[in-house]
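>>> What shape does this take:
(chains A and B)
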Protein chains: 2
Amino acid sequence: MLKARVIVTLKNGVLDPQGKAIEGALGGLGFEGVDHVRQGKVFDLQLDTEDRAAAETQLKAMCEKLLANTVIEDYIINVT
Amino acid sequence: MLKARVIVTLKNGVLDPQGKAIEGALGGLGFEGVDHVRQGKVFDLQLDTEDRAAAETQLKAMCEKLLANTVIEDYIINVT
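Numbering: from 1, shown residues only, chains lettered A, B, ... in the order given. The predicted model follows:
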């Protein structure tokens, strides 16, 4: 059994209104000097295999098909 | 200027219907042996300081006040 973490973030240049809202809220709470806030998603999964290479291939397919919208999002896969 | 990544995940034991839905969708797409899917959030920020210790203190305060609901969520701070 392998554990994996997939981090999906918006590509550079894609507008992130949610990140902007968080940036504004942080400013409103008195946090100074916070900039370029971007929000993404993280997925933690358990895979019923011991083959890391196979797991990474499977995770890449999951990202391409479901977890990320590769038109506007990048993803990083970490198998532990 | 420091860059930071904050990862917010649900605590163990907290139900994650969104993660369950993703798990079901992955199964429906033919991905076998995927279990314990949990979804969390990731925040990328830029801080206008060079003081890592101060940045970490500030980020911790941001998590406690806004980025995470510490009743049900854990957070990890990485300053790079």
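>>> For chain A, what lies in contact range of chain B?
Chain A comes close to chain B at residues A:7, A:9, A:19, A:22, A:25-26, A:29, A:31-49, A:58, A:61-62, A:65-67, as judged by Cβ under 8 Å from any Cβ of the partner chain. Every residue, glycine included, has its C-beta placed from N, CA and C.
>>> for chain A, which spans come out with low pLDDT?
Counting by pLDDT under 70, chain A contains no low-confidence range.
>>> mind listing the strands in chain A by residue range?
For chain A, the strands defined by DSSP state E occupy A:2-10, A:34-47, A:73-79.
>>> Which one of the ones you listed lies nearest to B:I72?
strand A:34-47 (15.3 Å; Cβ to Cβ).
>>> Quick check: buried residues in that closest one?
A:34, A:37-47 (16 or more other Cβ atoms under 10 Å in any protein chain shown).
>>> quick one: furthest residue from the center of chain A?
A:G30 (27.2 Å; Cα atoms, centre = their mean).
>>> how much space between it and B:F43?
According to Cβ to Cβ, to the nearest Å, A:G30 and B:F43 sit 18 Å apart.
>>> repeat for A:V6
A:V6 sits 16 Å away from B:F43 when distances are taken as Cβ to Cβ.
>>> try A:E50
A:E50 is 33 Å from B:F43, where distance means Cβ to Cβ.
>>> One more: A:L47?
For A:L47, the distance to B:F43 (Cβ to Cβ) stands at 26 Å.
>>> go on, A:K3?
Computed as Cβ to Cβ, the A:K3 to B:F43 distance reads 22 Å.
>>> Please apply the same query to A:K65.
Distance, A:K65 to B:F43, by Cβ to Cβ: 26 Å.
>>> With A:A4 instead?
As judged by Cβ to Cβ, A:A4 and B:F43 stand 21 Å apart.
>>> now swap in A:D51 and tell me
Noted for A:D51: a distance of 33 Å to B:F43, by Cβ to Cβ.
>>> same deal with A:Q58?
Distance from A:Q58 to B:F43, by Cβ to Cβ: 27 Å.
>>> same question, A:L29
Relative to B:F43, and taking Cβ to Cβ, A:L29 is found at 14 Å.
>>> And A:G33, by the same measure?
A:G33 is 16 Å from B:F43, by Cβ to Cβ.
>>> Same check on A:R5?
From A:R5 across to B:F43, the span is 15 Å (Cβ to Cβ).
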